[in-house]
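Asker: have a look; sequence and predicted model below, questions after that.
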Amino acid sequence: MSFPYEDTQEQIRQNITSRMGDSVSTIEGSFGDIVPRAVSYEIWRFYTQLRALTGIAFPDANSGQYLEKRCAEYGITRKQAGFAVVMLTFSGNANTNIPKNTAVQTADGLIFNTRSALKIPESGTVEILAKAENSGVIYNVKENTITKMLTSINGVSSVTNAEPATGGYDEETSEALYTRLNMIRQSRATSGNAAHYEEWALEVEGVGAARCIEVWDGANTVLVVVASADLLPVDQGICDKAKEYIETKRPVGAIVTVKSAEAVTLNINAEIVLDSNAQLESVKNEFKKKLAEYLKSIAFGGEKVIYARVLYLLLGITGVEDYKSFTINGDTQNIALEKTNVPTIGEVSFVDSKNT
């Protein structure tokens, strides 16, 4: 939002002296010079401080603590980051002790610490729950990726995770917090209607998007579909937390089910014609950014991914002159979506026609 008072200190001083008339001397060092300079400085400082009030009175995603203060008026607090947990399988000699807080890491250096001390039994393997060293979605690593011990233990031959790590999520961004505030201010969430269920789901840490489907399995049934802030499926633990929380809020008699959104992966292949100044990798990155924005706008809508719209996004990128082939999941048709689906970007493969 623009601010109407953008004059500099010197402009304010000149405005003051121009109103003093010719009978008052404004020579440097005179009374008519010193007083306007002092006054203009204080006025300029006041305007500078007043400018900050715009973000306080009308907070947006860039208002920092004042956004949180406005959210607090509606009972909204910023959702904190969560720590991923995973079950680790240690293999080795029987009776080998594995201390609590034994550190194990991925090839990328993401560290997990065991939550208890256990001994390897006669079977030669033992499972121990571990927690990520830091919070964040980055710690939701795939299976069989936590395989390195930070400090070797005599008698332990290997360690791995048979299942993915789950439960890690980032702190709610200011953009997401502001979106939640706006949704509550603008929606008509009341008396357990669909908007109310979506509002309750979004108050749970780890939930970044929600869709309520009424009477989905008969009378009094309510289905709440949840996804992460990046519109990706969430783990069962987050679904359970959302259901537990909604149960404390819902109207009497409602039968609530909470499930994760189901991903529909889009793999895109294209042979494109670039101008002489365009870089294939830059075009690819710009396309993925625009595609992510489009997919976010149709998630949970029960709509379809329109082939022509996605192609249009590509052709609208600077440096793309034409295309020779373009497929989504190996076809040139629209991709149907259910109300529980969120479309996600899979493999994006571009080839410059000049190199074929």
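Answerer: Structure's in. What do you need? Residues are numbered from 1 along each chain as shown.
Asker: count of residues packed around residue 59?
Answerer: Counted with other CB atoms under 10 Å, residues neighbouring residue 59 total 20. (Glycine included, C-beta is placed from N, CA and C.)
Asker: and residue 89, by the same measure?
Answerer: By other CB under 10 Å, 16 other residues sit near residue 89.
Asker: mind checking the SS state of it?
Answerer: Secondary structure for residue 89, judged by DSSP: H, G, I helix; E, B strand; the rest coil, is strand.
Asker: mind checking how far the spatially most central residue of the chain is from residue 169?
Answerer: With distances taken as CA atoms, centre = their mean, the residue of the chain nearest its centroid is residue 229 (4.0 Å). Separation of residue 229 from residue 169 (CB to CB, to the nearest Å) stands at 8 Å.
Asker: mind listing what's buried in the lowest-mean-pLDDT helix or strand in the chain?
Answerer: The helix or strand of the chain with the poorest confidence is helix 53-57; it has a mean of 84 (mean pLDDT, DSSP states H and E). For helix 53-57, burial by neighbour count (16 or more other CB atoms under 10 Å) applies to no residue.
Asker: per-domain residue ranges of the protein.
Answerer: Here the chain is described, according to automatic domain parsing, as comprising the domains 1-51, 60-78+172-186, 85-160, 188-260, 263-355.
Asker: okay, those, which one's buried deepest?
Answerer: Highest mean neighbour count among the domains of the chain (mean count of other CB atoms under 10 Å): domain 188-260, with a mean of 18.
Asker: spell out the residue ranges of the strands in the stretch 151-300 of the chain.
Answerer: In the stretch 151-300 of the chain, the segments counted as strands under DSSP state E, counting those that start in this stretch are 156-160, 209-214, 221-227, 255-260, 262-274.
Asker: can you tell me which helices and strands the first one packs against?
Answerer: When you say that, I think you mean strand 156-160. Other elements packing on strand 156-160 under the criterion 3 or more CB pairs under 8 Å, 6 or more residues apart in numbering; DSSP states H and E are strand 85-92, strand 146-149.
Asker: and what of the longest one?
Answerer: The contact analysis (3+ CB pairs under 8 Å, 6+ apart) places strand 262-274 against helix 280-298, helix 307-315, strand 320-328, strand 341-352.
Asker: so what's the gap between that strand and the chain middle?
Answerer: Distance of strand 262-274 from its chain centroid, counting by CA atoms, centre = their mean, to the nearest Å, is 22 Å.
Asker: got a list of what the closest residue to residue 234 other than its chain neighbours touches?
Answerer: Excluding the flanking residues, the one nearest residue 234 by CB to CB, 6 or more residues apart in numbering is residue 260, at 4.9 Å. Residues in contact with residue 260, defined by CB atoms under 8 Å, 6 or more residues apart in numbering, are 225, 226, 227, 233, 234, 235, 236, 238, 239.
Asker: and for residue 148?
Answerer: Going by CB under 8 Å, 6+ apart, residue 148 touches 104, 105, 106, 107, 159.
Asker: need these in CSV (columns: distance to residue 152, pLDDT and secondary structure).
Answerer: Converted to CSV, those look like this (distance: CB to CB, whole Å; pLDDT from 0 to 100; DSSP: H, G, I helix; E, B strand; the rest coil):
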residue, distance to residue 152, pLDDT, secondary structure
104, 11, 97, strand
105, 13, 97, strand
106, 17, 97, strand
107, 17, 95, coil
159, 10, 97, strand
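Asker: show me what the helix or strand where residue 128 lies is packed against.
Answerer: Assigned by DSSP states H and E, residue 128 belongs to strand 125-132. Helices and strands touching strand 125-132, as assessed by 3+ CB pairs under 8 Å, 6+ apart, comprise strand 85-92, strand 111-114, strand 118-119.
Asker: rerun that using 6 Å as the cut-off
Answerer: Contact here means 3 or more CB pairs under 6 Å, 6 or more residues apart in numbering; DSSP states H and E; on that basis strand 125-132 packs against strand 85-92, strand 111-114.
Asker: which one of the ones you listed lies closest to residue 173?
Answerer: strand 85-92 (23.1 Å; CB to CB).
Asker: thinking again about what came up before, closest to residue 142 out of the helices and strands packed on strand 262-274?
Answerer: Closest among those, using CB to CB: strand 341-352, at 15.2 Å.
Asker: output that closest one as CSV, restricted to C-alpha atoms.
Answerer: What follows is strand 341-352, C-alpha atoms only, in CSV (Å, rounded to 0.1, in the frame of the first residue of the first chain):
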residue,chain,number,x,y,z
ASN,A,341,-7.0,-35.6,-5.1
VAL,A,342,-4.1,-33.2,-5.1
PRO,A,343,-2.1,-33.1,-8.3
THR,A,344,1.7,-33.2,-7.8
ILE,A,345,4.6,-32.6,-10.1
GLY,A,346,6.6,-35.8,-10.9
GLU,A,347,9.3,-36.0,-13.5
VAL,A,348,9.7,-33.0,-15.9
SER,A,349,11.8,-33.8,-18.9
PHE,A,350,12.5,-31.2,-21.5
VAL,A,351,14.5,-31.7,-24.7
ASP,A,352,15.8,-28.8,-26.9
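Asker: tell me the strands beside it, with direction?
Answerer: Using DSSP bridges, strand 341-352 pairs in its sheet with strand 262-274 (parallel).
Asker: and the contacts of the strand it pairs with?
Answerer: 233, 319-329, 340-353 (CB atoms under 6 Å, 6 or more residues apart in numbering).
Asker: and with 8 Å instead?
Answerer: Applying CB under 8 Å, 6+ apart, the set of residues contacting strand 262-274 is 232-233, 280, 283, 291, 295, 305, 310, 314, 319-330, 335, 337-338, 340-354, 356.
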